[in-house]
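Okay, predicted coordinates and the sequence, questions at the end:
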Amino acid sequence: MGGRTMLVSTPRDVDALMRKIPKGKIITSALLRQKLASDFDAECACPTSTGIFVRIAAEAAEEDRAAGAKRITPYWRVLAKDGSLNEKFPGGVKAQADNLRAEGLEILAATGKHPPTVKDFEKRLVRF
């Protein structure tokens, strides 16, 4: 009985895929992992390492912005599988919401302990 083939990608691969998400579009972390796995002929991509690499890309993007870069990795376009924003991104959900609003997306307020979400996020998902 065999197991599934799991991809443990690299920060560079994750960053490269994130850079392909067009303005006004979004992707969930689950779909990001699905696309990475497909690109490398694996059955799935490791959620832990991929999540860490998304965070690394986000931090690097903000370092690039601080250094004067005009084009940075659009990490704010990556959402949780339910369309919610990522509290661990640089600047928290407020900064992510501001970036998404600037691209024409509507953000729904947090409810209880659940972070803000993108309204009708399914309609904005990127299709690779």
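Here it is on my side, so go on. Just so you know, these numbers come straight off a predicted model, no measurement behind them. Numbering: from 1, shown residues only.

What residues are bridge-paired with the residue most central in space within the chain?
When CA atoms, centre = their mean is applied to the chain, the residue found nearest the centroid is Val78 (2.0 Å). Beta-bridge pairing for Val78 (DSSP bridges): Ile27.

Which residue ranges of the chain form strands?
6-7, 27-28, 44-45, 78-79, 107-108, 117-118 (DSSP state E).

shaky segments in this protein?
1-3 (pLDDT under 70).

Now do the contacts for Pro22.
Val126 (CB atoms under 8 Å, 6 or more residues apart in numbering). All C-beta atoms are positioned from the backbone trio N, CA, C, and that covers glycine.

repeat that with 10 Å
Pro74, Arg77, Glu103, Val126 (CB atoms under 10 Å, 6 or more residues apart in numbering).

which helix in the chain runs the most residues?
helix 47-66 (DSSP state H).

before we move on, the earlier item: just say which of the strands of the chain is most tucked in.
With neighbours taken as mean count of other CB atoms under 10 Å, the strands of the chain reach their highest mean count in strand 78-79, at a mean of 26.

Good, we can wrap up now.
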